[in-house]
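>>> structure here, sequence nowhere to be found:
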């Protein structure tokens, strides 16, 4: 009886290890990468040459899909959650929203005439770091 119990325990242990081991899956979901960085006007000038482009604090986020590229968004504080659709900051993000029939559902928070180049760079860098 003890031998059977020991074999059963070993089998359960091996199966649980196999079930918890990550696989090298090339499926669509396994290639999805995302990330974000918090931004605030007070700290922006320390690391950037362009003026702070947003009217409020928030997050610059990125989403990477191999088929579509890196999408960069801005989400203001108070609107950072799973149901938020941020303001697109690059062409890939704008095209993705249009393709999916979606529109941003956060307050528009980009200053008039703002240079978004560094904000887009921040988002691209976040995804690049996540892919390493």
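Yes, it's here. In this text the structure is predicted, and so the values were computed from the model without any measurement.

>>> so what's the residue nearest the centre of the chain closest to, chain neighbours aside?
Note on the chain: the residue nearest the mean C-alpha position is residue 34, at 2.5 Å, using CA atoms, centre = their mean. Spatial nearest neighbour of residue 34, chain neighbours left out: residue 63 (4.8 Å); criterion: CB to CB, 6 or more residues apart in numbering. All C-beta spots, glycine's among them, are computed from the backbone N, C-alpha and C.

>>> contacts only, for the one you found.
32, 33, 34, 70, 71, 73, 93, 127 (CB atoms under 8 Å, 6 or more residues apart in numbering).

>>> parallel or antiparallel, list what pairs with whatever helix or strand the residue nearest to the centre of the chain lives in.
Assessed by DSSP states H and E, residue 34 sits inside strand 33-39. Using DSSP bridges, the strands paired with strand 33-39 are strand 58-65 (antiparallel).

>>> and the helices in this protein, which stretches?
Using DSSP state H, the helices of the chain run over 2-20, 41-47, 91-99, 117-131.

>>> of those, which shows the lowest average pLDDT?
For these, the weakest mean pLDDT is recorded on helix 2-20, namely a mean of 36.

>>> follow-up on the earlier one: what bridges to the residue nearest to residue 34?
residue 34, residue 71.

>>> my read: the residue nearest to the centre of the chain touches residue 60, true?
No: applying CB atoms under 8 Å as the test, residue 34 and residue 60 come out as separate, 11.8 Å apart.
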